[in-house]
Each structure stands twice: as C-alpha cells, then as structure tokens.
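Q: Kindly generate the corresponding structure for this input.
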Amino acid sequence: MSTPAHPQTPLTPRRVLPAAGIAVAAGLFGLVPLLLPAHPDREVASGDGAQSAAARALACPSAPRGSSGASVLSAAGAGAVTTTPAAVGEASQPVVLPAGKEQAAGGLWLRDVPRVGVSWWGACQPAAPEQVVQVTDPARARLVLVNPGTVDALVDITLHGEKGELSAVGTSSITVPARGQRAVPLSVQAPAGKPVGARIIATQGRVAAWALADGPEGADHIPGGALRTGLVIPAVPAGGRSTLLLTNPGADAATVTVRAHGSRGGFEPTGAGRLVVEPGSTLRTDVSRSFAGESGALSVVSDHPVAASVDSVVGKDLAAMTGQRPTTSGLLVGPGGGHALFTNASDANVPVRLVVDGKQAEHTIGAGAVVSVPMPATAGSIAWSSQGPLVAGAVLDDGALALVPGQETGATRSTQPPRQDQSLR
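A: Numbering: from 1, shown residues only. I've put the predicted structure just below:
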C-alpha cells in the first residue's frame, strides 16, 4: 500500500476508550501511514485490479415474492438516506445503486413481512468475478445471483460440505441475464441440516450473490464474501445462538486462528481458538458462549484463503454476517435504531472520526477492542475514517434481528490480515 501524499497531522493526546461512548470534536485529523504487519493478506484473485470501491456500482437483492412495503435504503458519503421501492421476486429487474464520486452503501429493508417478528436486511454489494456464500442448512436456502451488467454473465458453482466437495448437477455454465437475476435452489444439491459453502465463479461478466434463507427460525439474505487469509466478522449479536462457518475450497488443509473481540479487547472464543478446515470442506462451530453478555466481533487468520461468516438466531429471527476486510474509511446505512459496532482487530490503538447523520465525533479504539455507537433513531448513516484498519457493522435487535455490514468507501484499505494481540491471549 502506498503512503498518503499529504503530510501527517499531529494529534492531540486522548484517553483510549475501549468501551462505548464517543466525544464530539470540532477538529478533523488527516490520515497517516498505517502500521500494519509485515505479512500481506493473500486472497484469491478477484479481478478487481486497481479498481477502487468508489468506481463500483452496488447490486441489491430483491424482496421475496408476496412481500409488500420493502424498500432499498441508500446513502453516499455522509449524505441523507434515500428510499427506493425494492424489486420483488427473482423475475423482476434488480435495483442497482450507480457508482458516483462518493461510494454508496445500502440494503434491502423489510420488516414483519411475511410474518410478525422477522426483519430483513439484504446488503447491496458490488458484483464480483468470485465469491463464496455460506449457509448452515441448504434445505431452507436458495442462491440468488444478480447481474447488474449490460451483457449476460456465465457462472460455475461448486459446493463444499462438511466432508469435502459435493457432487452437484446443473451448476456449471449458468446464465444470469444482463440487468437480471437467477435463483439456484440448494435444497436439491446438498444434504439438509449440513453446512455448505457455495463458491461462485463468473467465467463471463460479474455477479453479486446472496443466499435467501427462510425457515421456522426467521429469514434473511446472506451476502457472498471473498476468500482471504485475514477477515473480520463485524457484528455478532449477544444472547443468541451464533455459528461460525469457515469454507476452504483449496487443495490443502487450512489452519485458522479465531479471536473474539468485545468492549475490553480480544480473547480466545470458547472451543474455537484454533481450527483446521479440511481441503474442499466447510466447517461449523458454535461461538455463542463468547457473546452471551454483549455483542462483538470475530477475527479470522488462516494460512490458506478461506471464507468466513456467522449465522445467528435471536428469538424467532435469524441473520447472518459475512467476514470483511478491514478498511480505513466506510459507511453504515440503517433503517433506524440498533447500535453500530466498530472493531479494531489489530494490536495498536486506532483513532477514528465518525460522522453520525452529519454530526462529527472523534474516538480512539483500543487494540483488539470494539466500540458500540447508537445508530440514528430513524433511517440514517454513520461514516467513518480512521488512521488504521477497522470494520463496522450494526445490530438491529428491537424484537426482531437484522445485521448490517459497513461498506468500504475509499481505495485505501488494509491488505494484511488482522494481527493477534499477544497481550490478550
């Protein structure tokens, strides 16, 4: 990563606050070079090249058939949130948030439809040549592929179960029409009740992918994620049943170190500190006990690229959060309520500037710690810029559950896996 062209701006010393709470500040600070580990993050080539996040449009998932009142909420930079009617059903033309000067962020929002006690957030995301979507039970899920481009896309899908790659029929050379979408059932391809990771490779064009999971414990859109050696899952809700999923599509076993992060720093999650994911397989492990008292985050460091996500059930609703690569600037957009979690998975303190619905604030997040900040009471956004890599996500849990990932907004981002804080072991 190159050094920023502008000089460093001295910072006034501040007390490090590893817990929730922010101090409103009048001044702004400039970004300085990141102090990152010497070992670069290795990820499966995605074809992004030098393309920055600011140059990519975002595709949004459609609401399930029979839904009403669904909308796409979006914002760019620290601007106001815009509400757009959502597409309904996979036969409809998807909503696409166009690229602009400032990268947009947003998602599909649906509340109490089709049943009471269920809320739905389907994050809008850029189309990619490769991604992995993970589910705990394929019997209740189907893949939804969206092509925001102007030419048809062709994709190949491989399924990775607990014991290795699954034999599947009809998952090669699938056409996703231009400006359209395609649904691929998983129930006929993978055993019920067993976790599966679907690796989606576009041989022509790009697609955005989700799993539409719907069952007796609620419903949600689960976004696809990249294969990397360093990932942080930014929002794991407290008090529910949370399952970590790791998919290794490679030919060698992956040794994975997992750390939990909370308001007081990082710690080893019960029963999940060091895991081995066999070649071509998907592993699941329960991490609920690490988040019994407060919401937090998980970081994953692997010797081979893996995909990571957490599937959570709280009350009668489920939601999922995919592993993210830490970044120095980003945006959270939400429908109102809940709390945002900012996670510093490194072993150095990170100053961050927040803009919460236009109001600026500064904060310093301790090494390995998570800071909780209230989301705006109504549809709104939180933008952040920091001196070190962070991830952000929001937990919406007012009687129903939804998890909202932050969207990176700048070209400057971490290219290394999060460092493990040795003092917290």
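
Q: Show me the beta-bridge partners of residue 310.
A: residue 244, residue 321 (DSSP bridges).

Q: Counting neighbours, what do you get for it?
A: Close neighbours of residue 310, defined as other Cβ atoms under 10 Å, add up to 24. Any C-beta I mention is one placed from the backbone N, CA and C, and that applies to glycine too.

Q: Could I get the contacting residues of it?
A: 233, 236, 242, 243, 244, 245, 287, 298, 320, 321 (Cβ atoms under 8 Å, 6 or more residues apart in numbering).

Q: cool, and residue 70?
A: 63, 85, 86, 88, 108, 109, 110, 113, 120.

Q: Might one say that the first one is in contact with residue 87?
A: Yes: look at residue 63 against residue 87 with Cβ atoms under 8 Å: they come within range, at 7.0 Å.

Q: Low-confidence regions, the stretch 51-200 of the chain specifically.
A: Applying pLDDT under 70 to the stretch 51-200 of the chain picks out residues 51-55, 78-79, 101, 112-118.

Q: try 90 this time
A: The stretch 51-200 of the chain contains residues with pLDDT under 90 at 51-57, 62-70, 76-80, 84-85, 87-93, 97-104, 110-120, 140, 167-170, 187-193.

Q: Between residue 63 and residue 87, which has more neighbouring residues?
A: residue 63 (27 against 21).

Q: Could you pull up phi and psi at that one?
A: phi -70, psi 150 (degrees, to the nearest 10).

Q: Chain neighbours aside, what residue packs nearest to it?
A: residue 70 (3.6 Å; Cβ to Cβ, 6 or more residues apart in numbering).

Q: how close does the one you found sit to residue 84?
A: Counting by Cβ to Cβ, to the nearest Å, the gap from residue 70 to residue 84 is 10 Å.

Q: and what of residue 135?
A: For residue 135 relative to residue 84 (Cβ to Cβ), the value is 27 Å.

Q: Looking at those two, which is more packed in?
A: Between residue 135 and residue 84, counted using other Cβ under 10 Å, the more crowded position is residue 135 (26 against 14).

Q: So that one sits against residue 196, correct?
A: Yes: between residue 135 and residue 196 there is a contact at 6.0 Å, judged by Cβ under 8 Å.

Q: ok, now which ones touch residue 270?
A: So residue 270 contacts 287, 289, 290 (Cβ under 8 Å, 6+ apart).

Q: Let me see the contact set for residue 168.
A: 157, 158, 159, 189, 190.

Q: between the residues you listed, which is nearest residue 129?
A: Ranked by distance to residue 129 (Cβ to Cβ), the contacts of residue 168 are led by residue 157 at 13.4 Å.

Q: between the contacts of residue 168, which has the most around it?
A: Going by other Cβ under 10 Å, residue 190 tops these with 24 neighbours.

Q: Isn't it up against residue 138?
A: Yes: counting by Cβ under 8 Å, a contact exists between residue 190 and residue 138, whose distance comes to 3.9 Å.

Q: Common neighbours of these two, please.
A: By Cβ under 8 Å, 6+ apart, the residues touching both residue 190 and residue 138 are residue 196.

Q: Just the helices from this protein, written as ranges.
A: For the chain, helices defined by DSSP state H do not occur.

Q: Show the contacting residues for the residue nearest the centre of the chain.
A: By Cα atoms, centre = their mean, the chain has its centre lying nearest to residue 322, at 3.9 Å. Residues near residue 322 by Cβ under 8 Å, 6+ apart: 134, 222, 223, 224, 225, 233, 307, 308, 309, 405.

Q: try it again with 7 Å
A: Counting by Cβ atoms under 7 Å, 6 or more residues apart in numbering, residue 322 touches 223, 225, 309, 405.

Q: And residue 380, by the same measure?
A: Residue 380 neighbours (Cβ under 7 Å, 6+ apart): 81, 334, 336, 357.

Q: Kind regards, and thank you for your time.
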